[in-house]
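Trainee: got a sequence here, can you model it:
(one chain, ligands or ions: 1)
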Amino acid sequence: MAGLTWLPVLASSLLMMVSLFHSSQAAGVAVYWGQNGDEGSLADTCASGNYQFVNLAFLTTFGGGNTPVLNLAGHCNPGAGTCTSLSVEINDCQNQNIKVLLSLGGAVGNQSLTSADDARQVATYLWNNFLGGQSRSRPLGHAVLDGIDFAIESGTGLYWDNLARALSGFSSQKKVYLSAAPQCPFPDADLSTAISTGLFDYVWIQFYNNGQCQYSTNADNLIAAWNQWTSVHSNQIFLGVPAAPAAADGGYIPPDAVISQVLPSIKSSHKYAGVMIWNKYFDSGYSSAIKGCCFQPFDCSRLWLSFIFCWPFTCSHPWLSFITCRPS
Ligand SMILES: *[C@@H]1O[C@H](CO)[C@@H](O)[C@H](O)[C@H]1NC(C)=O
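Mentor: The predicted model follows:
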């Protein structure tokens, strides 16, 4: 009997190690929501079970003394205050372990930071109006978003590092996750300085709209670019893809090609963390088709009890030097 008393202790510490692994290494699928009123509600998006991150797109204007403008297409009217009803849905998403971020960017509007001080003011605005701070005019109501996504594709490329540092400074009060959506030519013209701060938790790279680094009939250019991106100063990088041919100007990868031609190559890099999908409106079947595709590889050779750390996925070739966790 005495010999059995340590079993529960061993079992619970193993479970704890497993859950630590899953929370720190879990791969995921990110999606952009908010650019088409006909794409389904935020609640439905999260309830699909297909995503672990939702980027609310976009805060189209901020900085440079301009009045910030939130644009969520036909979903709601920020000027009339009707987007505050999203608070309940945001909280529902978060209760399903989905991170909800506000994405800065978009083709319209004006995203310009004019100085380091301007960047700090924008950070304070974001903290007070969308994150853990307080303001009487929070566009999305009381819900506290998980972080801020930088989807900047225009302007001078200046002061985004200042904005990242200022936002990150608020993490001492409540963690502010930072993500960036650079285009695939490496390094990104607008965001490389910001990403170099090392403050970005997630980098979802847009492998579309860029002929030289996107998928065309084969994945060669994409994989060559991916191998450059693995040097970036962030531990979690994602393959960004259009959800349908019409979602982007080139770069669409059919789901079976992602699974057979692209993921096997990029999943072997330790920084691979999942897939980003542009965008929810075009995602009629894409995220469902790749569901289960995206688990991060894990070098079990470092750990004696390798098979346990892949649970509930199977560790292929358990006793070889490099082992990949796969959906069973
Ligand atoms: C964007 O805002 C900046 C700063 O206020 C201003 O200098 C610039 O002209 C604006 N750009 C556009 C296209 O409106």
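
Trainee: switch to C-alpha atoms for all contacts and neighbour counts from now on
Mentor: Fine.

Trainee: let's verify the closest residue to the ligand within the chain: helix, strand, or coil?
Mentor: For the chain and the ligand, the shortest gap (Cα to the nearest ligand atom) falls at Gly64, measuring 3.9 Å. Following DSSP: H, G, I helix; E, B strand; the rest coil, the label given to Gly64 is coil.

Trainee: now do Leu239
Mentor: strand.

Trainee: tally of neighbours for it?
Mentor: Using other Cα atoms under 10 Å, Leu239 has 26 neighbouring residues.

Trainee: quick check: beta-bridge partners of it?
Mentor: Under DSSP bridges, the beta-bridge partners of Leu239 are Ile205, Val275.

Trainee: wait, it touches Val275, no?
Mentor: Yes - contact criterion Cα atoms under 8 Å: Leu239 and Val275 qualify, at 4.7 Å.

Trainee: so, low pLDDT: which residues of this structure?
Mentor: 1-27, 295-328 (pLDDT under 70).

Trainee: tell me where it has helices.
Mentor: 6-25, 42-47, 86-95, 116-130, 160-169, 192-195, 220-229, 255-257, 263-266, 286-289, 306-309 (DSSP state H).

Trainee: ok, and for the second one, which residues are buried?
Mentor: Meaning helix 42-47. Leu42, Thr45, Cys46 (16 or more other Cα atoms under 10 Å).

Trainee: one step back: put together JSON lines for the helices of the chain, with distance to the ligand on each row.
Mentor: JSON lines is the format used below for those (distance: least, Cα to the nearest ligand atom, whole Å):
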{"stretch": "helix 6-25", "distance to the ligand": "39"}
{"stretch": "helix 42-47", "distance to the ligand": "30"}
{"stretch": "helix 86-95", "distance to the ligand": "28"}
{"stretch": "helix 116-130", "distance to the ligand": "10"}
{"stretch": "helix 160-169", "distance to the ligand": "15"}
{"stretch": "helix 192-195", "distance to the ligand": "20"}
{"stretch": "helix 220-229", "distance to the ligand": "30"}
{"stretch": "helix 255-257", "distance to the ligand": "38"}
{"stretch": "helix 263-266", "distance to the ligand": "38"}
{"stretch": "helix 286-289", "distance to the ligand": "35"}
{"stretch": "helix 306-309", "distance to the ligand": "50"}
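
Trainee: so Arg219 touches Gln261, yeah?
Mentor: One correction, residue 219 is Ala, not Arg. Yes - with contacts counted by Cα under 8 Å, Ala219 reaches Gln261, the gap being 6.7 Å.

Trainee: which residues touch the residue of the chain closest to the ligand?
Mentor: Contacts of Gly64 were listed using Cα atoms under 8 Å, 6 or more residues apart in numbering, and they are Ser112, Leu113, Thr114, Asp118.
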